[in-house]
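Participant: Curious how this folds, go ahead:
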Amino acid sequence: MPDPSPTQLLAGLSEVAGRYDAILCDVWGVLHDGKRAFDRACAALKAFRTERGPVVLITNAPVPKARVTAVFPRVGVPDDCFDDVVASGDATHHELQIHAPGPVYPIGLSEDRSVYGGLDLDFTDDPARARVICCTSLREYPHGHPDDYRDELERLAAYRLPMICANPDIQFRHGDRLIWSAGALAAIYETLGGEVIRPGKPDAPIYRLAMERVAEISGRDIRPERVLGIGDGPATDVRGANAMGMDALFIGGGIHGHAMADGEGFLESAQAVLAADGAVARYAMPELSW
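Facilitator: Prediction:
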């Protein structure tokens, strides 16, 4: 765990870029909000790539990276601000291989089925037949609520089925609204005594994949203390960086934007949000910029 010293407010990433050889950066809430790209954030990552080293985007999206990058042209994220993408969907795909052929009890949107591509899996909606649950999202995007799943989750927990949670985020921001995510269902499942496997942030599998990509791009291994983790989720991005021994930069304008004070009060509100999730960020900014 990094030293829990007071969080430093940055005016720009350039103030500390020289301390790091690579960046692992979140996507939703940092680079775009599902509708538009944040131009200053994209420019900051491009500048880091030019002056320092690789940028690998690391996201809890429950789909393969090709689905993540397919959104970028529509929202305006340029392809010169990152080197590669590692998605929770990629880590989930690896975890599902361990459980093949299932049967798998799926919870999520039909569009999420790309996470199962190339796997020899059987599927069932009968808990008595299932061997594992895979939860990628709520089925009623964007209006679903976790409480509506409690009865279903109670039935599944009674069969002691492990749940693979492909997106550990509790909520994510889409434009100006917050959408419930698979992590909210996983949290309920745990309160019911169910086992949850989280391939994505903040757990290690997705970070191992990301660090492998950093090493391949750099042509050398880079120590975690020389990698900066950037994200707007204290419980996922920041705690994940903490567990890996990386410094973290918390972006306050994303998922917790509604709780952030303006001006001089920003840092105090950021520290309160971080503390609530037991997360330690060395730096904080309202939005990523160079």
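Participant: per-domain residue ranges of this protein.
Facilitator: Following the assignment in automatic domain parsing, the chain carries domains at 8-89+202-285, 92-197.
Participant: tally of neighbours for the nearest residue to residue 8 once chain neighbours are set aside?
Facilitator: Distance criterion C-beta to C-beta, 6 or more residues apart in numbering; nearest residue to residue 8, sequence neighbours excluded, is residue 283 at 5.1 Å. Placement of C-beta: from N, CA and C, glycine included. Per other C-beta atoms under 10 Å, the neighbour tally for residue 283 reads 19.
Participant: do residue 212 as well
Facilitator: Close neighbours of residue 212, defined as other C-beta under 10 Å, add up to 13.
Participant: try the one 4 residues further on
Facilitator: Neighbouring residues of residue 216 were enumerated by other C-beta under 10 Å; the total is 13.
Participant: roughly how far apart are it and residue 109?
Facilitator: Separation of residue 216 from residue 109 (C-beta to C-beta, to the nearest Å): 32 Å.
Participant: now do residue 46
Facilitator: 32 Å.
Participant: Over to residue 72?
Facilitator: 20 Å.
Participant: Between the two, which is the more surrounded one?
Facilitator: Remark: of residue 72 and residue 109, residue 72 carries more neighbours, 20 against 16, as counted by other C-beta under 10 Å.
Participant: and the nearest residue to residue 237 once chain neighbours are set aside, how many residues sit next to it?
Facilitator: Among residues not flanking residue 237 along the chain, residue 231 sits closest, at 2.3 Å (C-beta to C-beta, 6+ apart). Other residues within reach of residue 231, judged by other C-beta under 10 Å, total 32.
Participant: is it true that residue 231 touches residue 252?
Facilitator: No - between residue 231 and residue 252 there is no contact under C-beta atoms under 8 Å: 10.9 Å.
Participant: Could you find the closest non-adjacent residue to residue 30?
Facilitator: Distance criterion C-beta to C-beta, 6+ apart; nearest residue to residue 30, sequence neighbours excluded, is residue 251 at 5.1 Å.
Participant: For that neighbour, give me phi and psi.
Facilitator: Per-residue torsions, residue 251: phi -100, psi 110 (degrees, to the nearest 10).
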